[in-house]
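**Q** The amino acid sequence is not available; the structure is as follows:
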C-alpha cells in the first residue's frame, strides 16, 4: 500500500488538515500512514483467527505453510474473509432494524400510521423469530425463482445467519458453497433494510425530496450545536430534535440518516472527514451510535472541550428524558465553551436529498433506457476510504458518467460526498450532464439534481427504485443496462450491500479491492461463477487505475448488459 | 559493515518480512497481488521458522559458502563486506546450500542458481527491516574483525 499523497478533494477539509499538522493533532490520515505497511496476509485474505489454535496464514511463498492449522487452504481462507465481512455487514443492518423496532415497540413514539406500523412490527418479529422473510416477495418472480434454484433465498434471519456464521468455523464446503451462503446472508440484510424503510415510513410518514445544505459551512456560530454521529434509533433522533426545537439548539448529522420526519439534520461532512467538524470548535455536544463512528472522536473531542455521549449504552433509560439531558448538556456546554474559538468556514453547498422510489417516474427512466436516450443506470454507494483521496474517486467517476449520459443514483455517505461538490444541486445540473440525460432529468422534474440521492443506508430507496424499474421495464433486472459502483468503499455493510446487488443481477465494481485477492479461484468465483448464477459478478480489481479508466470499465459493463 | 540485527523478544513471527522479501526480491512483478499468483512461486531470502528468529544470511567472517564454491560464484563485496551470489557463473552444484550452517541458501527453481539474502545490497535499506512492524529487525553496524569467544577469524574472500 502506498502513502496517499493528496488526502482530500474537499478544500474545507484541506484547510483544517494544515491546522492539524501545525498543532500536531493526529487524524485518520496520520494513523493510516503510521500503520503502513499493513499486514499483507490480512490484505489478501490469507489469514484467519477464528480459533485459538491460530492465528494462521497461508504463506504464498512457503510450501510448509500453505494451510491453516485446521486445514483451510488459501481459497477457503479468502472466501471466508469475504463471508466474515458480509456477516458483519448484515449484522449492522439488523442492529439498525432491531434498534428502531424495539423503540417503536416500547411506545417511545407515536407512529403516524399505527396499523401499518403494527403490521410491520409483527413482520419484523417473525423475521427474527420463526423465519418469515415475506418482504423479499416484492422482488420479481424470476429473480426469486433464481434465488430459490441456487438455494440463497433466505428463510429467516436466525436460521440463516447462524448458519452463515458457522461456515467460518469449519466444514468441508467448497468455495462456491461458502460464497452462496454469504449471498444468502446478504439477502437477509436486504430484507432488514427494506423492513426498516417501511417501518420508518409507517412511523414518520412519507418522505419527500428536501432542500438541505451540506459541508462545514452549515454549522451556526451563535447557538449551541448537537451533532448526531452514526446510526442509532431514529426515534431518539426525533426526540432530541423535538426538545432542541424549543430551546434554540441546532441538531445536525454526520454519517447518519439526515431525514427523520418532520426534521432534517443537514450533513456536516461525510465519513472520511468525520473528525474535522470538531476542529471548527463549533460543536458543543456529540451523540454517537456505534456504526460508522471513529473511536478517535472521544480523544479528539477533549481538545476542544466537547463532550461525546454514546447513545448505544446499557440502561439508557427512556428516550424522552435521555434526549432532554442531551439538549441541556449542549446548552450548558455552549455557555462554558466560550473561550474555544469558533472557526467556521463559509463553504456550503445546497442540495436536494432524500428521494424515494415513488418520487421518480420510473416509466420515463425505463423509456429513456429503451430508446437509447441514456446509456444506462449507475448506482453509486460507499463512504470514504483513507486509502484513496477523499471524494476524488466518487466525484470524478460520477462527473464522467453524467457527461456520458448515464443516469446516476446514489445512497448514504456517497450522496454527501457528491452533494459537497454540487452534484446534488438542481441548479447546477445543466453544466454537469450530457444532453440525453439532461432531457430525462428535466422531464422528471425541475427539482431533480444531476445525481439522485435515494436516502441514507438506513433506507432501501435504491432497492425500491430497482423494483419499480423492473416492473416498469417488464424485463428482468439483469437485462437492464445497470452497473453498481463502490468507488471508495469502507464499511462491512458496503460489502453486504454489494453482495445483494450482485444477487439481483447488477454487475458491481468495488474499490479498494476486497481481501480475497490471495486466491485466484475465489476471485473467479466472485466473477464468473456469480455471472453464471445471477447474471452479474462482483469484480475485484487489483491493478491501479485512474478514475477515467474506472469509468471506461463501468461503461463497458453497461454496454455488455444491453 | 552493516548487518541486520534480530531481537527475538520483539519478533511475533508474523511473517511480514518473508512475505515482503518474496514480493520485493523474489518476484518478477514486485506487486503483492500478482506476486502471490506467480509460478514458480517466488523464493523469499529470509526464513521465519519458529523460536521467534527470522533467519538471514549472517555474512559470516569465515564464510563456508565462499570456501566451498568451486568457481568463485559466491563472492564478498570488497566495499561492504556483504556475501552475494554472482548469478551468471553459478553452475547450480548446490555446494553452498550444503555447507551453509544456517541453511539460508536455497536452490532457485526458476533460473537454477543459488539464492540467498544479500542484505538488499543494491537497495538503500533492506526490505525486511523496512516492513518489520515491531522493529524486531534493525540495521546495525558490526565491528570489523569482531571476535567470537576471543577468536578473531580470518575473513574468507
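**A** Yes, it's here. Here the structure is a predicted model, which is why all the values come from computation and not from measurement. Residues are numbered from 1 along each chain as shown, chains lettered A, B, ... in the order given.

**Q** Pick out the residue closest to the middle of chain B.
**A** residue B:117 (1.9 Å; CA atoms, centre = their mean).

**Q** From what I see, it and residue B:45 are in contact.
**A** Yes - with contacts counted by CB atoms under 8 Å, residue B:117 reaches residue B:45, the gap being 3.8 Å. Heads up, the C-betas are built off the backbone N, CA and C, glycines and all.

**Q** And the residue nearest to the centre of chain B, which helix or strand is it part of?
**A** Under the criterion DSSP states H and E, no helix or strand holds residue B:117.

**Q** which ones are touching it?
**A** By CB atoms under 8 Å, 6 or more residues apart in numbering or on different chains, the contact set of residue B:117 is B:21, B:45-46, B:56-57, B:104.

**Q** how much space is there between it and residue B:43?
**A** With distances taken as CB to CB, to the nearest Å, residue B:117 is found 11 Å from residue B:43.

**Q** show me where pLDDT drops low in chain B?
**A** B:144-153, B:157 (pLDDT under 70).

**Q** Flag every residue of it that's near chain A.
**A** Applying CB under 8 Å from any CB of the partner chain, we find that chain B lies next to chain A at B:14-16, B:18-20, B:22-23, B:26, B:32-37, B:41-44, B:131, B:133.

**Q** before we move on, the earlier item: looking at the contacts of residue B:117, spot the one nearest residue A:238.
**A** residue B:21 (56.8 Å; CB to CB).

**Q** ok, that closest one - contacts?
**A** For residue B:21, the contact set (CB under 8 Å, 6+ apart) comprises B:44-46, B:117, B:127-128.

**Q** Turn the residues you listed into a markdown table, including secondary structure.
**A** Conversion of those to a markdown table gives the following (DSSP: H, G, I helix; E, B strand; the rest coil):
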| residue | secondary structure |
| --- | --- |
| B:44 | coil |
| B:45 | coil |
| B:46 | coil |
| B:117 | coil |
| B:127 | helix |
| B:128 | helix |
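
**Q** List just the nearest of the residues you listed to chain A.
**A** Here the nearest of those to chain A, counting by CB to the nearest CB, is residue B:44; it sits at 5.1 Å.

**Q** and the gap between the nearest residue to residue B:36 once chain neighbours are set aside and residue A:520?
**A** Counting by CB to CB, 6 or more residues apart in numbering or on different chains, residue A:60 is the residue found nearest to residue B:36 once chain neighbours are left out, at 4.3 Å. Computed as CB to CB, the residue A:60 to residue A:520 distance reads 11 Å.

**Q** again with residue A:421
**A** Distance, residue A:421 to residue A:520, by CB to CB: 38 Å.

**Q** Neighbour count: those two, which is higher?
**A** residue A:421 (23 against 14; other CB atoms under 10 Å in any protein chain shown).

**Q** what's the helix or strand for the closest residue to that one other than its chain neighbours?
**A** Nearest residue to residue A:421, sequence neighbours excluded (CB to CB, 6+ apart): residue A:395, at 4.8 Å. Take DSSP H and E as the rule and residue A:395 turns out to sit in helix A:392-403.

**Q** Quick check: buried residues in that helix?
**A** Under the neighbour-count criterion of 16 or more other CB atoms under 10 Å in any protein chain shown, helix A:392-403 has A:392-402 buried.

**Q** Identify, from these, the entry nearest to residue B:69.
**A** Looking across the buried residues of helix A:392-403 and measuring by CB to CB, the closest to residue B:69 is residue A:393, at 52.8 Å.

**Q** Please name the residues that touch the closest one.
**A** Contacts of residue A:393 by CB under 8 Å, 6+ apart are A:487-488, A:511, A:547, A:550.

**Q** If we use 6 Å, what do you get?
**A** Residue A:393 makes contact with A:487-488, A:547, according to CB atoms under 6 Å, 6 or more residues apart in numbering or on different chains.

**Q** Show me the shaky parts of the stretch 401-550 of chain A.
**A** Checking the stretch 401-550 of chain A against pLDDT under 70 turns up nothing.

**Q** please redo it, this time with the cut-off set to 80
**A** By pLDDT under 80, the weakly predicted segments of the stretch 401-550 of chain A are A:473-475.

**Q** can you give me the strands in chain B?
**A** In chain B, the strands defined using DSSP state E lie at B:2-6, B:47-48, B:54-55, B:74-76, B:83-85, B:106-107, B:114-115, B:137-141.

**Q** what's the neighbour count on the residue of the stretch 101-250 of chain A found nearest chain B?
**A** Closest contact between the stretch 101-250 of chain A and chain B, by CB to the nearest CB, is at residue A:175 (15.7 Å). Using other CB under 10 Å, residue A:175 has 22 neighbouring residues.

**Q** For residue A:152, see how far away the residue nearest to residue A:476 when sequence neighbours are not counted is.
**A** Spatially, and ignoring its direct neighbours in sequence, residue A:476 is nearest to residue A:142 (5.1 Å; CB to CB, 6+ apart). For residue A:142, the distance to residue A:152 (CB to CB) stands at 15 Å.
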